[in-house]
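show me the folded form of this:
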Amino acid sequence: MAFTKQMPVLPVDAYTSQDWFNREMETIFSRTWQFAGFVGDLTDPSDYITVQAGLNNILVLLDENRQMRAFHNLCRHRGTQLLRASGKRKKLLTCPYHDWTYNLGGELMAVPERKTQFPDLDLKTLCLHKASVGTWRGMIFIHPDPDAESLENWFGPMEPYLGPHQPDKLVEYVEGRSRHEINANWKIIVENYIDGYHLAHLHSETLYMYAHRQQETGFVGNHFHFFEPLSKDYLDGIESNSPLPLIDHIPKDKIGAYVPMLFPNLGLGETESSWSTFYVIPIAPDKSIVEIRTKVMPVSDWKFMAQEWKSWNFFKNFKGDKYGTGDPDDPLASGDFVVEDIYVCEQQQRSFKSPYFAVGATAKDLEQSVYQYQRNIQNFIGRVVFDEG
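Predicted coordinates for the structure are as follows:
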């Protein structure tokens, strides 16, 4: 008989404690590749974006030669952040505090009142601190360490487990971009994402298009991979049943849902008709933000409308209301699986306050991914602490 690995691996403090959260910011998010956006977010020289990576705020820009560069977003004078959020056509980087100015290569170019106030200052010694930046499958990633492990080494072993999707042949559905503030620890959200047990239950009225009992899962290093085929009735009429135009470069024998979680906090949703990123951003021990961006086929609005009309015959019998309450304010009657997930994540976070909270049992197959993810977090933090010790 196979031995079932039981949860919890991590203590309740891992989901509620500020000390734990601070440790994760230092040992996980400051030491791993972090999603920064799509390659298309930077189109012209001097376009820039900023992203938080653990303890570090990183700016990414295109220089005059359209080369992507990354720097720590802090002035070398007294540490003020140089840039906010994102923007375009910033030919020089000027600190808002004292107007120290850098070029797009990170070199310090000008210091106000230099002759009188900093007569011995060598500008070359105070260039911006570099960070690592790279692209993979149409996405931009950054790492606070300028000599970080290559993206190819970090993500390469996952390639055989990803879908046959080609994101560069798809276009972003900008109207579908969403941002969710969730009152739950970031790990609760990730654990829900990789939990195979809840799919047929919580999402019985929203994700019925997939054969949840045939899911194939596993880990490559710390990265989680997941695949499940389409349900037979959905697949048999897929050309009409899909609510969006099908991605035309996916072979029929490869169609299905590929839903990996790239360590530590980036999910991909690769389906028959869309390709999405699910980016989990830690804010506080009990608060996170999830940003979802989606790419689809580059076809006309008319084709999207026509496909939606055709799919009505398949979806008309599913109401998206788990308990049939008809209550428009009930998350479980929303017809939206993301809303359902947010609801249960927040409910679990609330339960951590109870002295009666405990994990009563662990599914022998469908929750083992959650067990292993907790173990990976524990090992990753422990390895960093050990290496430093």
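
now do the same contact list for the closest residue in space to L162 that isn't next to it in sequence.
Leaving aside its sequence neighbours, L162 sits nearest to Y258 (Cβ to Cβ, 6 or more residues apart in numbering; 5.9 Å). Yep, even glycine has a C-beta here, placed from its N, CA and C like the rest. Going by Cβ atoms under 8 Å, 6 or more residues apart in numbering, Y258 touches Y161, L162, G163, H165, H225, F226, F227, L268, E270, T271.

show me what contacts the fourth one?
Counting by Cβ under 8 Å, 6+ apart, H165 makes contact with I247, H249, I250, Y258, E270, W275.

test my guess that the fifth one contacts I247.
Which is E270. No: with contact defined as Cβ atoms under 8 Å, E270 does not reach I247; the gap is 9.0 Å.

show me where the stretch 251-389 of the chain has its strands.
Using DSSP state E, counting those that start in this stretch, the strands found in the stretch 251-389 of the chain span residues 257-258, 261-262, 266-270, 275-284, 287-296.

buried deepest among the ones you listed, which one?
Of the strands of the stretch 251-389 of the chain, the one with the most neighbours on average (mean count of other Cβ atoms under 10 Å) is strand 261-262, at a mean of 24.

helices or strands up against that strand?
Packing partners of strand 261-262 (3 or more Cβ pairs under 8 Å, 6 or more residues apart in numbering; DSSP states H and E): helix 186-194, strand 223-228.

could you dump these to JSON lines with distance to I49?
JSON lines is the format used below for the helices and strands packed on strand 261-262 (distance: least, Cβ to Cβ, whole Å):
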{"stretch": "helix 186-194", "distance to I49": "21"}
{"stretch": "strand 223-228", "distance to I49": "24"}
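
pLDDT weak spots in the stretch 251-389 of the chain?
In the predicted model of the stretch 251-389 of the chain, residues 384-389 satisfy pLDDT under 70.

show me the helices in it, by range?
Per DSSP state H, counting those that start in this stretch, the stretch 251-389 of the chain carries helices over the ranges 301-315, 337-351, 368-388.

among the ones you listed, which is nearest A361?
Closest approach to A361 among the helices of the stretch 251-389 of the chain is made by helix 368-388 (11.7 Å; Cβ to Cβ).

can you point out the buried residues in that closest one?
For helix 368-388, the neighbour count (16 or more other Cβ atoms under 10 Å) marks 368-377, 380-381, 384 as buried.
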